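Undergrad: Need a 3D model of the sequence below.
(one chain, ligands or ions: 1)
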Amino acid sequence: MKNIILIAPPAAGKGTLSNSLSICYGYLPLSTGDMLREKAKNDESLREAMKSGMLIDDNTVFSALEEQLNKIGDSLYILDGFPRTVEQAKMYDEVLNKLNRDLGVVIYLDVPKDELSSRVTSRLVCPKCKRSYSTRNKDLLPKVDGLCDDCQEVLIQRQDDSLETFEQRYNEYLEKTQPLIDYYKNKGVLVTINSSLPDETFNLASELIK
Ligand code: AMP
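TA: Predicted coordinates:
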């Protein structure tokens, strides 16, 4: 199997897919958003920048990511939320060259904007294991209201999951992240999944990585 990069607009289900693939196939999920949220606990300016929905500077993102990549050795991994710009993708190509690793496959989750905006306001996450739930989608409801199925932690809403911040994140995505689709298409490594259903998305992704 190959390493996976997930590209998708905000709230398209990157975290949910990454979590299912890691449970079923043993991938290590690497989310730059989660890494930055951990750092932001002790860094107020980073917390404010993330709350506004802006992308974070490359130095901060790469130092968090490279630290994880160095830790995991040769394990298979899924990148969720990275790269976010063509510039980051080019820098990541250099990191891979240095580590003598393959890029793997890039999965693009194509979900319409009206579906995304209604998801952000219904998303809840576990602060411990980072698993995502939805108060609107019966397939993603926690078994016990408000608690994580896996760690029984109280679920929380992400600070940037408001409609206002969603607009900013979505605009950042259109301007800076969407050009990555052509970048990876030209490299011949991009596959697209058009589905809004978590189970169907997982089944399609499983076929693609075999
Ligand atoms: P996510 O959890 O992927 O939705 O990311 C949440 C927030 O973290 C984003 O809105 C950005 O502020 C920041 N972030 C995550 N990954 C990156 C990245 N690769 N480059 C820059 N900022 C990022």
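
Undergrad: Every contact and neighbour count from this point should use C-alpha atoms.
TA: Will do.

Undergrad: Can you tell me how far the residue most central in space within the chain is from the ligand?
TA: A centroid search over the chain (CA atoms, centre = their mean) returns Asp80, at 3.0 Å, as the residue closest to the centre. Distance, Asp80 to the ligand, using CA to the nearest ligand atom, to the nearest Å: 6 Å.

Undergrad: Phi, psi for that residue please.
TA: phi -110, psi 110 (degrees, to the nearest 10).

Undergrad: show me what contacts the closest residue to it other than its chain neighbours?
TA: In this structure, Asp80 finds its nearest non-sequential neighbour in Ser31, 4.6 Å apart by CA to CA, 6 or more residues apart in numbering. Residues near Ser31 by CA atoms under 8 Å, 6 or more residues apart in numbering: Gly15, Leu79, Asp80, Gly81, Phe82.

Undergrad: Mind checking which of those land in strands?
TA: Leu79, Asp80 (DSSP state E).

Undergrad: Redo the contacts of Ser31 as a markdown table? Include pLDDT.
TA: What follows is the contacts of Ser31, written out as a markdown table (pLDDT from 0 to 100):
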| residue | pLDDT |
| --- | --- |
| Gly15 | 91 |
| Leu79 | 97 |
| Asp80 | 94 |
| Gly81 | 93 |
| Phe82 | 97 |
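
Undergrad: could the contacts of Ser31 go into TSV alongside distance to Leu6?
TA: Rendered in TSV, the data for those read as follows (distance: CA to CA, whole Å):
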residue	distance to Leu6
Gly15	9
Leu79	6
Asp80	5
Gly81	7
Phe82	8
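
Undergrad: Filter the contacts of Ser31 down to the buried ones, ChimeraX style.
TA: Burial among the contacts of Ser31 is assessed by 16 or more other CA atoms under 10 Å; the matching ChimeraX selection reads:
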select :15,79,80,81,82
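
Undergrad: how about stretch 137-148 as CSV, C-alpha atoms only?
TA: Taking Å, rounded to 0.1, in the frame of the first residue of the first chain, the C-alpha atoms of stretch 137-148 are listed here in CSV:
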residue,chain,number,x,y,z
ASN,A,137,-25.7,12.7,10.2
LYS,A,138,-27.0,9.5,11.8
ASP,A,139,-23.9,7.5,10.7
LEU,A,140,-21.7,9.9,12.6
LEU,A,141,-23.7,10.3,15.8
PRO,A,142,-21.9,9.3,19.0
LYS,A,143,-23.5,6.2,20.7
VAL,A,144,-23.9,8.3,23.9
ASP,A,145,-25.0,11.8,23.4
GLY,A,146,-22.0,14.2,23.7
LEU,A,147,-19.4,11.5,24.5
CYS,A,148,-16.6,10.0,22.3
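
Undergrad: From Asp34, how far out is the residue nearest to the centre of the chain?
TA: Distance, Asp80 to Asp34, by CA to CA, to the nearest Å: 9 Å.

Undergrad: wait, what's in contact with Phe166?
TA: Here Phe166 is in contact with Pro10, Gly53, Ser117, Val120, Asp160 (criterion: CA under 8 Å, 6+ apart).

Undergrad: Looking at those residues, which gets the smallest pLDDT?
TA: Among these, Gly53 carries the lowest pLDDT, at 87.

Undergrad: Can you pull the residues of the chain lying near the ligand?
TA: 10, 32-34, 50, 53-56, 61, 81-84, 169 (CA under 6 Å from any ligand atom).

Undergrad: ok, back up a step: of the contacts of Phe166, which is the nearest to Asn203?
TA: Of all the contacts of Phe166, Asn203 sits closest to Pro10, with 21.0 Å by CA to CA.
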